[in-house]
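Asker: Could you look at this predicted model? Sequence included:
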Amino acid sequence: MKRLHIFLIKSFIGPFLATFFISIFLLLMQFLWKYIDDLVGKGLEIHQLAELLFYASARFIPIALPISILLSSVLVFGKLAEQYELAALKSSGISLYRLMMPIGVLVIIISFSSFLFSNYLMPIANLKNGSMIYDIQKTKPTLNIKEGVFYNDIKGFSIKVGKKDKDGKTVFDLLIYDHRSGKSNNNLIIAEKGKLELTPDNNYLIIKLYNGYSYNDIDESSIEKKFPFRVTKFKRNKVKIDLNEFKTKVNSEELYRGHYAMLNNSQLTNAIDSLTNRYMQNKEIFTKNISERYNKSFINKKTLNKSNLGWMIKYSTVSIIENQNKKEIKSKREKTNIFRKYNIALNKLRSLKSITKSHHSSLKYRDIIINKHKIEWHRKYSLAIACFLFFLVGAPLGAIVKKGSFGVPVLLSVTIFILYHVLNMIGEKSAKELTMQAYEGMWIANLVCLPFAFFLLHKAKNDLKLFNLTRVYLFFNSKKK
């Protein structure tokens, strides 16, 4: 039995490692595609690029583990079933559950390791990766200048290009606003063509301009006001921009250190408690201020419903109108006085509505931030549990399909994982939009897959087909006759 266990574990490790690195590679390609504009042509050193890819790869490990376990489980048990080794083992009295036990123990270890990695190492990888991307974007701002969009990240300048050449340096229809003087956009440069170059030390951006005009506002206090600006036509011109403020910042990690993706579960728990306390304090203070401000004008304090400000608005308006309708209007003065009081009350109600709406938006934003922290807390557990859950799906599925080569198993595994991932993304989005609790959104995909895993285990244990279409076939044949 020990030899059998070792054989099964060895059969599992090979496909697992292969599919794991393939999954990391595919996820890394997605990352590069997302940040291709920030990385290409930035003059990065090889060690900088390698470090960036290393931290990016580390972020994808908890996601790559479930799909790797699913695919390798299908391959291992599919190969055993295809070569009738599974049938021979069952006939000798070894059940499917017993065959799954050694790999299941290994998968439990992997699941626990996945949680430890997500909780302690991935926050560091996220922090390093986020700070490096920020440094790259800020250190080399020249290639962030995009077509048809004003670029304002360089202090004192607003730059817009109509078209950009493939080399990333030659631009056309260039528009530069120079407001370093602090007097708004008092200097404007327009050029048909330009070339963006960095000095060898990367301290300055040189913009070579061709065929354009320069418009400069003149200080009207020192000259006559006949010509408030000066126009200069040029064939060639040059603008030199200091980039020292875009140097890599030592404390760039501080910008992301408090982000929920950079915290472990203990830190997330503390952050959630702090944010929740602030949320409740803010809500209580607002309710108290509204009560003190508007109770005196409209209704008795005993009738105030703190949880329903809309009811208070409606009650106030109706009470004012009813009280005024009971009086007989006998003169214009009385009528004017009534309308004046009505308008004052209406303005106060509008003010109350505006303040309430603004505060509601603030509370909703705080609630979203709290939910994002909760989502990250649950994510670490849900991805770890998904590793074992996908093993429970993959092992019986391989025994049923009886295919041990890359083909049907890959198709089935990728399809199942895509469905899981889509469901997980829907749940996460719903939780972020506050239409679902954080634990519901992050666990809904696992809860849907769990009965499917038990269904497959039942089918594989009893050597049943995944879908028995015999009755359907007989039914249609009987209808034809």
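Answerer: Received it, and whenever you're ready, just let me know what you need.

Asker: The helix or strand containing residue 399 packs against which elements?
Answerer: Following DSSP states H and E, the helix or strand that holds residue 399 is helix 332-401. Helix 332-401 sits against helix 61-82, helix 96-116, helix 265-294, helix 309-325, helix 408-432, helix 438-461, with contacts defined as 3 or more CB pairs under 8 Å, 6 or more residues apart in numbering; DSSP states H and E. C-beta here means a position set from N, CA and C on the backbone, and glycine is covered the same way.

Asker: That one: how far from the chain's middle?
Answerer: Centre-to-centre, helix 332-401 and its host chain are 17 Å apart (CA atoms, centre = their mean, to the nearest Å).

Asker: pLDDT of stretch 98-106, averaged?
Answerer: Over the span of stretch 98-106, the pLDDT mean works out to 91.

Asker: Which residues does it contact?
Answerer: 4-5, 8-9, 12, 73, 76-77, 80, 86, 89, 388, 391, 395 (CB atoms under 8 Å, 6 or more residues apart in numbering).

Asker: Just the buried ones from the residues you listed?
Answerer: A residue is treated as buried here by neighbour count (16 or more other CB atoms under 10 Å); on that basis the buried members of those are 5, 8, 12, 73, 76, 77, 80, 86, 89, 388, 391, 395.

Asker: Stretch 147-163: end-to-end distance?
Answerer: Across its full length, stretch 147-163 reaches 5 Å end to end, with CA to CA, to the nearest Å as the criterion.

Asker: tell me how far that stretch is from the chain's mean position?
Answerer: Its chain's C-alpha centre and that of stretch 147-163 lie 27 Å apart, by CA atoms, centre = their mean.

Asker: Now tell me which helix or strand of this structure has the poorest mean pLDDT.
Answerer: Across the helices and strands of the chain, mean confidence by mean pLDDT, DSSP states H and E is lowest for helix 309-325: a mean of 48.

Asker: Give me the helices and strands touching the helix or strand hosting residue 241, please.
Answerer: Secondary-structure assignment from DSSP H and E places residue 241 in strand 229-242. Counting contacts by 3+ CB pairs under 8 Å, 6+ apart, strand 229-242 is packed against strand 187-198, strand 204-217.

Asker: and residue 180, that one's in a helix?
Answerer: No - when classified by DSSP: H, G, I helix; E, B strand; the rest coil, residue 180 is found to be coil rather than part of a helix.

Asker: what's the closest non-adjacent residue to it?
Answerer: The shortest distance from residue 180 to any non-neighbouring residue, by CB to CB, 6 or more residues apart in numbering, is to residue 156 (3.7 Å).

Asker: Now do the contacts for that neighbour.
Answerer: Taking CB under 8 Å, 6+ apart as the criterion, residue 156 is in contact with 178, 179, 180.

Asker: backbone phi and psi for the second one, please?
Answerer: Listed backbone geometry of residue 179 is phi -120, psi 40, with angles given as degrees, to the nearest 10.

Asker: how far away is it from residue 188?
Answerer: Residue 179 is 10 Å from residue 188, where distance means CB to CB, to the nearest Å.

Asker: Settle it for me: which of the two has more neighbours?
Answerer: For residue 179 versus residue 188, the count of surrounding residues by other CB atoms under 10 Å is larger for residue 188: 18 against 15.

Asker: State the distance from the more buried one to residue 3.
Answerer: In this structure, residue 188 lies at 82 Å from residue 3, with CB to CB as the measure.

Asker: can you check residue 436 too?
Answerer: On the measure of CB to CB, residue 436 and residue 3 end up 49 Å apart.

Asker: between these two, which one's more packed in?
Answerer: residue 436 (18 against 7).

Asker: So which residues make contact with stretch 263-279?
Answerer: Contacts to stretch 263-279, defined as CB under 8 Å, 6+ apart, come from residues 119-120, 123, 258, 260, 363, 366-367, 369-370, 373-374, 376-377, 380.

Asker: got it, and stretch 412-426?
Answerer: Under the criterion CB under 8 Å, 6+ apart, external residues in contact with stretch 412-426 comprise 66-67, 70-71, 74, 382, 386, 390, 393-394, 397, 401, 442, 444-445, 448-449.

Asker: PyMOL command for the buried members of the residues you listed?
Answerer: What follows is the PyMOL syntax selecting those of the contacts of stretch 412-426 that are buried according to 16+ other CB under 10 Å:
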select buried, resi 66+67+70+71+74+382+386+390+393+394+397+401+442+444+445+449
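
Asker: now, among the contacts of stretch 98-106, which is nearest to residue 112?
Answerer: Nearest to residue 112 among those: residue 388, at 9.5 Å, using CB to CB.

Asker: any weak-confidence spans in the chain?
Answerer: Flagging of the chain using pLDDT under 70 yields the residue ranges 1, 37-44, 137-144, 181-186, 217-229, 244-254, 292-338, 404, 466-481.

Asker: so what's the residue nearest in space to the middle of it up against?
Answerer: Using CA atoms, centre = their mean, the residue of the chain that lies closest to the mean C-alpha position is residue 429, 9.0 Å off. If a contact means CB under 8 Å, 6+ apart, then residue 429 has residue 441 as its contacts.

Asker: and what of the one 10 residues further on?
Answerer: In this structure, residue 439 makes contact with 374, 378, judged by CB under 8 Å, 6+ apart.

Asker: Enumerate every residue touching residue 440.
Answerer: Contacts for residue 440 were tallied using CB under 8 Å, 6+ apart; they are 427, 430, 431.

Asker: Neighbours of residue 396, how many?
Answerer: By other CB under 10 Å, the residues close to residue 396 number 26.

Asker: Distance of the residue lying closest to it once chain neighbours are set aside relative to residue 79?
Answerer: With CB to CB, 6+ apart as the measure, residue 460 is the residue that lies nearest to residue 396, at 3.4 Å, once sequence neighbours are left out. When CB to CB is the yardstick, residue 460 and residue 79 sit 15 Å from each other.

Asker: In terms of neighbours, single out the busier of these two.
Answerer: Taking neighbours as other CB under 10 Å, residue 460 and residue 79 compare with residue 460 leading, 23 against 19.

Asker: I'd guessed that one sits against residue 399; true?
Answerer: Yes - using CB atoms under 8 Å, residue 460 is in contact with residue 399, at 4.2 Å.

Asker: what residues are shared contacts of these two?
Answerer: Taking CB under 8 Å, 6+ apart as the contact criterion, the common neighbours of residue 460 and residue 399 are residue 96.

Asker: who wins for most neighbours among the contacts of residue 440?
Answerer: In terms of neighbour count, residue 427 stands highest of the contacts of residue 440 at 26 neighbours, by other CB under 10 Å.

Asker: Number of residues surrounding the residue nearest to it when sequence neighbours are not counted?
Answerer: Nearest residue to residue 427 in three dimensions, chain neighbours excluded: residue 441, at 3.6 Å (CB to CB, 6+ apart). Residue 441 sits with 26 neighbouring residues when counted by other CB under 10 Å.
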